[in-house]
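Undergrad: predicted coordinates and the sequence they were generated for:
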Amino acid sequence: MLRISKLTDYGIVLLARFAREVQGTTLTAREMAESTALPHPVVSKMLKTLATAKLLHSHRGAKGGYSLAREPERVTVADILQALEGPLALMECSAGPGHCEQESSCGVREPWQRIHRTVQAALQGMTLAELAGPRSALLGIENTRAPSPAARS
């Protein structure tokens, strides 16, 4: 089974939490641990990792913490997974030429590479903003649009 690690899962939860905030909001590790119900030591470690990967900015000082480095609409799931898991490759041959000893005689290489390209495209096509859902839900902003005619009946 293809599966991301628990730490990567936590990293995605943390990034999604940041994505629901107003752009530029700074949150501490303690605030993130409390709002996500994740252990503080794990949150601290993941925030440092995400900052090293340039997905978060680290802010020092009394009002320090972390904030998203880019707008959630400009961060893809592929960006996140590569930062936390390393290069994305389903099979050795997906990593590029010369990674597999069986490359020249493999009968399933092309189909696996096609699958890899499809998965890669899906991961690049989904953004952190889409993963996080609407910011309005967390910020308590109500939908100000008029209800549809069907909803009024």
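TA: Great, that's in hand. Residues are numbered from 1 along each chain as shown.
Undergrad: when you work out contacts or count neighbours from here on, use the C-alpha atoms and nothing else.
TA: Noted.
Undergrad: quick one: contacts of the lengthiest helix in the chain?
TA: Identified as the longest helix of the chain according to DSSP state H is helix 109-125. Contact with helix 109-125 is made by 76-79, 88-91, 93-94, 103, as judged by Cα atoms under 8 Å, 6 or more residues apart in numbering.
Undergrad: least confident of these?
TA: Among those, Ser94 has the lowest pLDDT, at 63.
Undergrad: in the protein, which spans are helices?
TA: 6-19, 29-36, 40-52, 77-85, 109-125, 128-132, 135-139, 149-152.
Undergrad: and for the third one, what are the contacting residues?
TA: Think helix 40-52. Contacts for helix 40-52 (Cα under 8 Å, 6+ apart): 7, 10-11, 14, 29-30, 32-34, 56-58, 66, 83-84.
Undergrad: re the thing from before, show me which residues of the longest helix of the chain are buried.
TA: Residues of helix 109-125 classed as buried: 109, 112-113, 116, 119-120, 123 (neighbour count, 16 or more other Cα atoms under 10 Å).
Undergrad: and what of stretch 10-27?
TA: Buried residues in stretch 10-27, counted by 16+ other Cα under 10 Å: 10-21, 26-27.
Undergrad: can you say which of the contacts of helix 40-52 are buried?
TA: Going by neighbour count (16+ other Cα under 10 Å), the contacts of helix 40-52 have 10-11, 14, 29-30, 32-33, 56-58, 66, 83-84 buried.
Undergrad: how near is Trp19 to Arg3?
TA: Trp isn't right for residue 19; it's Ala. Ala19 sits 23 Å away from Arg3, going by Cα to Cα, to the nearest Å.
Undergrad: same thing with Leu15?
TA: Distance from Leu15 to Arg3, by Cα to Cα: 19 Å.
Undergrad: what about Gln102, how many residues nearby?
TA: 12 (other Cα atoms under 10 Å).
Undergrad: got a pLDDT number for it?
TA: Confidence at Gln102, expressed as pLDDT, is 73.
Undergrad: repeat that for Ala62.
TA: Listed pLDDT for Ala62 reads 82.
Undergrad: and the one 10 residues further on, by the same measure?
TA: Here the pLDDT value assigned to Pro72 is 95.
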